[in-house]
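Q: sequence? don't have it. structure:
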Ligand code: DC
């Protein structure tokens, strides 16, 4: 890393590409803040579900996103959570991982006002530096000035296998096929949307993690960061 750099690492990629696992490990090693921006969009989707707002009603969802207070804190419990997420003060860290949220979050995160509200908060946190920020548009939109941009990818089959294992460990009921269908649908919405679609920044390093262990991925990113 260049002397005087803020220490901003942007980690983007499709669902279940390893961003969270790698981002957490990397942040721990560097003693940086780990910030998973996906939890914010998930919280908006959960708030909509809880208050009965139709996910196709863009104006109502946008107003909701601008009204709710989302707090993302370091994990408060050693129960495997990656952060503690509060929605208007209530702990929703696990509720945002439910299939009802998976089903609508891509659609909701495509709305302009929803993105504007979330990006403003993310940028404020990211610019403080010493941060590993994880998402879909961190290197392209949220923090284009990042010191290092990495785009993690993996085959759909491998990502489905990883997400399925993760859900099973929490007692999830979905089949592998259902997980794969859901991921493919989210990929399509996340990459096809007009606003900040999922794609690597021009200056991002793309890593295909399909056949790589987390340790190997981490070594590669650490060496890119050191030699940056
Ligand atoms: O990473 P995740 O699966 O928790 O993300 C949930 C959804 O949020 C995903 O479908 C796309 C959206 N998202 C986004 O649009 N921009 C981000 N920076 C992070 C997530």
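A: Noted; the coordinates are in hand. Since this is a predicted model, take the numbers as computed values, not measurements.
Q: Alongside the ligand, which residues does the chain contribute?
A: 15, 37-38, 41-42, 105-106, 109, 135-137, 186, 190 (Cβ under 6 Å from any ligand atom). For the C-beta atoms, the positions are set from N, CA and C on the backbone; glycine is no exception.
Q: redo that, cut-off 8 Å
A: Counting by Cβ under 8 Å from any ligand atom, the chain comes close to the ligand at 12, 15-16, 19-20, 36-42, 45, 102, 105-106, 109-110, 115, 118, 122, 134-138, 142, 186, 189-190, 193, 196, 198.
Q: Which of those residues fall in helices?
A: Using DSSP state H, the members of the residues of the chain next to the ligand that fall within helices are 19-20, 38-42, 45, 102, 105-106, 115, 118, 122, 186, 189-190.
Q: Now list the buried members of the residues of the chain next to the ligand.
A: Neighbour-count burial (16 or more other Cβ atoms under 10 Å) applied to the residues of the chain next to the ligand gives 12, 15-16, 19-20, 36-42, 45, 102, 105-106, 109-110, 115, 118, 122, 134-138, 142, 186, 190, 193, 196, 198.
Q: What is the burial count for residue 58?
A: Applying other Cβ atoms under 10 Å, we find 16 residues neighbouring residue 58.
Q: and stretch 204-214, how far from the chain's centre?
A: In this view, stretch 204-214 has its centroid 17 Å away from the chain centroid, taken as Cα atoms, centre = their mean, to the nearest Å.
Q: Please apply the same query to stretch 8-28.
A: Its chain's C-alpha centre and that of stretch 8-28 lie 8 Å apart, by Cα atoms, centre = their mean.
Q: What residues of that stretch count as buried?
A: By neighbour count on 16+ other Cβ under 10 Å, the buried set for stretch 8-28 is 8-27.
Q: taking those one by one, which sit in strands?
A: Using DSSP state E, the members of these that fall within strands are 8, 9, 10, 11, 12.
Q: what's the farthest-apart pair in the residues you listed?
A: Distances among those were taken as Cβ to Cβ; the most separated pair is 8 and 12, at 13.0 Å.
Q: List the contacts of residue 123.
A: Under the criterion of Cβ atoms under 8 Å, 6 or more residues apart in numbering, the contact list for residue 123 reads 142, 143.
Q: Going along the chain, name the strands of the protein.
A: With DSSP E as the criterion, the chain has strands at 8-12, 33-36, 70-73, 84-87, 90-91, 131-135, 148-153, 205-208.
Q: how about JSON lines for these, with mean pLDDT added?
A: Supplementary listing: those in JSON lines, determined by pLDDT from 0 to 100:
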{"stretch": "strand 8-12", "mean pLDDT": "97"}
{"stretch": "strand 33-36", "mean pLDDT": "94"}
{"stretch": "strand 70-73", "mean pLDDT": "92"}
{"stretch": "strand 84-87", "mean pLDDT": "95"}
{"stretch": "strand 90-91", "mean pLDDT": "96"}
{"stretch": "strand 131-135", "mean pLDDT": "96"}
{"stretch": "strand 148-153", "mean pLDDT": "97"}
{"stretch": "strand 205-208", "mean pLDDT": "96"}
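Q: Now distance to residue 176 too, for the ones you listed, in TSV please.
A: Formatted as TSV, the strands of the chain follow (distance: least, Cβ to Cβ, whole Å):
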stretch	distance to residue 176
strand 8-12	25
strand 33-36	24
strand 70-73	30
strand 84-87	27
strand 90-91	30
strand 131-135	24
strand 148-153	20
strand 205-208	21
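Q: roughly how far apart are residue 126 and residue 150?
A: Residue 126 sits 15 Å away from residue 150, going by Cβ to Cβ, to the nearest Å.
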